[in-house]
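Colleague: Quick one: sequence and predicted model below, then my questions.
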Amino acid sequence: MPRSSHDGLTGRAALVTGSSRGLGLLIARELTRRGCRVMLCARDDDELARAERMLREEGADVRSLACDITDEQAPGRLVEATEAAFGSLDVLVNNAGEIQVGPLSAMAEADFRSAMETMYFAPLRLVMAALPAMRARGEGRIVTISSLGGRVAAPHLLPYAGAKFAAAGLSEGLRAELAADGISVTTVLPGLMRTGSHTAARFSGQPGREYAWFAAAAGLPVLSMDAERAARAVVTAAERRRPEAVLSPVAKAAVRFHGVAPATTARLLALGARLLPGGGTAPEHDVPGRVAARRIDSAVLNRLTRLNDRAAHRFNQQPG
């Protein structure tokens, strides 16, 4: 029989993608604090080893498997590894993502395809791999980490926003289809968070200028949310089987405003796009945030990003 929507997470087995750093790492940690056993996965072996060591030092029961989730064989391997380690897969958190920042003129079709593979098709394949066992038990939880950008498309983030819109639509449709099987699906729409992701994002057009606005916005306390608080909210939403969780007051206000005044929202976004950097005379492509950061020598920007820079170190975003 399906379990009550108020059942806790103690003793459950979870798989969290993109869990070597940032929000994924914090979600994995919060799950273990609520009694879950967790399989970590990410592409970078060294990052993953550090993440596993960090959680084990806190007494967490975790395992890890390094893989690229865009590999079509990866979802099956991850589900099998989780079931082999823990006996089942009860909670699937599709968190892995990539952030590409820059004007449309500096983007290529490959950027959009990469975003869709990472944030739409890979989660879809993971859900399809996990569903048979969940259906057989009549119980399970699926969590999709979409974004405010999956409800309100911000300029200079189009590959990311397009993939997150698709992920949110898939997640909402899955909830409707899987409810009869006892499987809950939660769509999470975070706003800006202080995870240190500005160091891992990739920048095109004028990378230094793109990095400056993105890093500043992502680190401001009023605009951005503490990442540990965000992780607690995500896990609570999964635990209570909520259909949707919009994280941060700014994100909630943006979603509501877009819902009641879409035309005004579009005009404001168009104005914002005009204020952002152009492609430049010699646009660059796909420059890592750590590289773009070194091109900026600004004491003001350093002060604006201080909280997020600290988060990058705390949440395994920086190379060891």
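Modeller: The structure has been received and is ready for your questions.

Colleague: okay, CA-based contacts and neighbour counts for the rest of this
Modeller: Noted.

Colleague: Spatially central residue in the protein, please.
Modeller: The chain has N95 as the residue nearest its centroid, 4.3 Å off, counting by C-alpha atoms, centre = their mean.

Colleague: List the backbone torsions phi and psi for that one.
Modeller: Per-residue torsions, N95: phi -120, psi -30 (degrees, to the nearest 10).

Colleague: Now do the contacts for it.
Modeller: Going by C-alpha atoms under 8 Å, 6 or more residues apart in numbering, N95 touches 16-19, 24, 144-146.

Colleague: hmm, 6 Å instead?
Modeller: Residues counted as contacts of N95 (C-alpha atoms under 6 Å, 6 or more residues apart in numbering) are 17-18, 145.

Colleague: What of D7?
Modeller: Taking C-alpha under 6 Å, 6+ apart as the definition, D7 has no contacts.

Colleague: go on, the one 4 residues further on?
Modeller: In this structure, G11 makes contact with 35-36, judged by C-alpha under 6 Å, 6+ apart.

Colleague: coming back round to it: any chance of the contacts of N95 in JSON lines, with distance to F112 too?
Modeller: Shown next, in JSON lines, are the contacts of N95 (distance: C-alpha to C-alpha, whole Å):
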{"residue": "T17", "distance to F112": "20"}
{"residue": "G18", "distance to F112": "19"}
{"residue": "I145", "distance to F112": "18"}
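
Colleague: what about the strands in this structure?
Modeller: Ranges of strands in the chain, per DSSP state E, are 13-17, 37-42, 62-66, 91-94, 100-101, 140-145, 183-190, 193-194, 202-205, 225-226, 244-247, 284-288.

Colleague: Tabulate those (JSON lines), appending mean neighbour count.
Modeller: Formatted as JSON lines, these follow (neighbours: other C-alpha atoms under 10 Å):
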{"stretch": "strand 13-17", "mean neighbour count": "27"}
{"stretch": "strand 37-42", "mean neighbour count": "27"}
{"stretch": "strand 62-66", "mean neighbour count": "21"}
{"stretch": "strand 91-94", "mean neighbour count": "27"}
{"stretch": "strand 100-101", "mean neighbour count": "28"}
{"stretch": "strand 140-145", "mean neighbour count": "25"}
{"stretch": "strand 183-190", "mean neighbour count": "26"}
{"stretch": "strand 193-194", "mean neighbour count": "28"}
{"stretch": "strand 202-205", "mean neighbour count": "26"}
{"stretch": "strand 225-226", "mean neighbour count": "20"}
{"stretch": "strand 244-247", "mean neighbour count": "20"}
{"stretch": "strand 284-288", "mean neighbour count": "18"}
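
Colleague: Any idea which of the ones you listed gets closest to D309?
Modeller: Closest approach to D309 among these is made by strand 193-194 (8.5 Å; C-alpha to C-alpha).

Colleague: Tell me the neighbouring strands of that closest one, and mark each as parallel or antiparallel.
Modeller: In the sheet, strand 193-194 lines up against strand 225-226 (parallel) (DSSP bridges).

Colleague: can you give me the mean pLDDT across the strand it pairs with?
Modeller: Strand 225-226 comes out with an average pLDDT of 93.

Colleague: pLDDT score for the residue nearest to the centre of the chain?
Modeller: We note a pLDDT of 97 for N95 in this prediction.
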